[in-house]
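> my questions concern the predicted model and sequence given below.
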2 protein chains.
Amino acid sequence: MTEQKASNITWHTASIQRADREKLLSQKGMVLWFTGLPASGKSTLAHAVEAKLYEAGHLTYVLDGDNIRHGLNKNLGFSPQDREENIRRIGEVAKLFADAGLITMTAFISPYRADREQARRLLQPDQFIEVYVKVSLSVAEQRDPKGLYKKARTGEIKEFTGISAPYEEPLNPELVVDTDILDLERSTALVLDLLKRRALSV
Amino acid sequence: MTEQKASNITWHTASIQRADREKLLSQKGMVLWFTGLPASGKSTLAHAVEAKLYEAGHLTYVLDGDNIRHGLNKNLGFSPQDREENIRRIGEVAKLFADAGLITMTAFISPYRADREQARRLLQPDQFIEVYVKVSLSVAEQRDPKGLYKKARTGEIKEFTGISAPYEEPLNPELVVDTDILDLERSTALVLDLLKRRALSV
């Protein structure tokens, strides 16, 4: 307890709050939580949304495998406990980014409902948007950009979500983007429309 | 390896980079790493700097015990391994915030040189500023805003930095702020002067 209390001095009244940063940025700090099967297009979509938001002058950040798995979560593997801790940390970091005023996007399979709900509970109801990037297994397997589904089918990769590990579909996501049907442009437009309804100028 | 690779699709070329966000914010993403004994004034100083930077239109974020110990690092205690992991995670999160373009401040005792050096190595040389918030033990004990030094002296708190646990002074910090001598206003001015020399308009 020592460190925590030692940091707890008397600055609180003077500190800059989320509302101040939101005013500076002319936007709302929030989390867009993209979830879906491997090769559903989560990262692709998040980065396409990011590019559009940037054009409109918004500050965003995408948390994904590239910047999390090699850094903050490099000491985690793929056991059930580690998968849970992986998503827990991502939820906590996303919360910090939202508190900093950023439109924060997370692009992880995040297969378990309970873990996603935990991330949601860290934020205010209007700060968390769950985007289910839906794809049929057959389409995902056709895409298979890294050949991972193939390796999962042959057993070379164990516990692969969709093949040999479960994916729990969201029951009440704020948005479903069906990438079997929609191309990237139309998928991106759906997310941006939702953000507009959340009173963002995008 | 499955999740990480699955996120590794073909978006890379289109993505928004740190330089883009820095342009949007008219500032450089960086980390100001405040280190020092309990009650040295790290958090106080970081939040005072934040207030001044906000006035000048800059986007900042302070990572400290308040938002880290109860969230991301709530599953860590105060064993040597947990202290190391505490600082490792903070360094990784600070790196993400700097990558997002924010002037990021961390306010933790961070008593070990090796841990601070690890945090430094995550960033570009011009992105990491170590600020040693220096205080003599006698002055820190006089301040003792939470009565923790007293409890450490009586043995009620074990392994308290400065009393019963080591603090390794920075050897080559970018800045030393001696809060035995300097009041908050002058301490804040020192940090802002350094940021000005780093080409920030503050």
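Good, I have the coordinates.
> which residue is nearest the middle of chain A?
Centrality entry for chain A: nearest residue to the mean C-alpha point is A:T106, 1.9 Å, by Cα atoms, centre = their mean.
> and that one, how far from A:T179?
17 Å (Cβ to Cβ, to the nearest Å). Every C-beta, even on glycine, is put in place using the N, C-alpha and C of the backbone.
> now A:E141. Nearest residue, chain neighbours left out?
Leaving aside its sequence neighbours, A:E141 sits nearest to A:Y149 (Cβ to Cβ, 6 or more residues apart in numbering or on different chains; 4.5 Å).
> is it true that A:K151 touches A:K158?
No: checked against Cβ atoms under 8 Å, the pair A:K151 and A:K158 is beyond contact range at 9.7 Å.
> out of the two, name the residue with the larger neighbour count.
Using other Cβ atoms under 10 Å in any protein chain shown as the criterion, A:K151 and A:K158 rank with A:K151 on top: 18 against 12.
> that one: what's it in contact with?
With contact taken as Cβ atoms under 8 Å, 6 or more residues apart in numbering or on different chains, A:K151 is in contact with A:157, A:160.
> in chain A, what secondary structure element scores lowest on mean pLDDT?
helix A:2-7 (a mean of 38; mean pLDDT, DSSP states H and E).
> would you map the strands across chain A?
With DSSP state E, the ranges of strands along chain A come out as A:30-35, A:60-64, A:103-107, A:128-134, A:175-178.
> distance to chain B and mean pLDDT added to those, as CSV?
Putting the strands of chain A into CSV (distance: least, Cβ to the nearest Cβ, whole Å; pLDDT from 0 to 100) gives the following:
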stretch, distance to chain B, mean pLDDT
strand A:30-35, 10, 98
strand A:60-64, 4, 97
strand A:103-107, 6, 98
strand A:128-134, 11, 98
strand A:175-178, 15, 98
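> can you give me the helices for chain A?
A:2-7, A:18-25, A:42-55, A:65-67, A:80-99, A:113-121, A:137-143, A:148-154, A:184-197 (DSSP state H).
> quick one, the third one and strand A:30-35 angle?
Read it as helix A:42-55. On the basis of axes from the mean of the first three to the mean of the last three Cα atoms, to 10 degrees, helix A:42-55 is oriented at 150 degrees to strand A:30-35.
> tell me how far A:K146 lies from A:A152.
Applying Cβ to Cβ, the value for A:K146 to A:A152 is 11 Å.
> list the contacts for A:R88?
With Cβ under 8 Å, 6+ apart, A:R88 has these contacts: A:115, A:118-119.
> any low-confidence regions in chain A?
A:1-14, A:201-202 (pLDDT under 70).
> only alpha carbons, please: show stretch A:64-83 as CSV.
Extracted as CSV, the C-alpha positions of stretch A:64-83 are listed here (Å, rounded to 0.1, in the frame of the first residue of the first chain):
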residue,chain,number,x,y,z
ASP,A,64,-4.3,-4.2,-31.3
GLY,A,65,-2.0,-7.2,-31.4
ASP,A,66,0.7,-5.2,-32.9
ASN,A,67,1.2,-2.7,-30.1
ILE,A,68,-0.1,-4.8,-27.2
ARG,A,69,1.2,-8.4,-27.6
HIS,A,70,4.8,-7.3,-28.1
GLY,A,71,4.7,-4.8,-25.3
LEU,A,72,2.4,-4.5,-22.3
ASN,A,73,1.2,-8.1,-22.7
LYS,A,74,4.3,-9.8,-23.9
ASN,A,75,4.5,-11.8,-20.7
LEU,A,76,1.1,-13.4,-21.4
GLY,A,77,0.5,-16.6,-23.4
PHE,A,78,-2.7,-18.2,-24.6
SER,A,79,-3.9,-20.2,-21.6
PRO,A,80,-7.4,-19.4,-20.5
GLN,A,81,-6.1,-17.4,-17.5
ASP,A,82,-3.7,-15.5,-19.8
ARG,A,83,-6.4,-14.7,-22.3
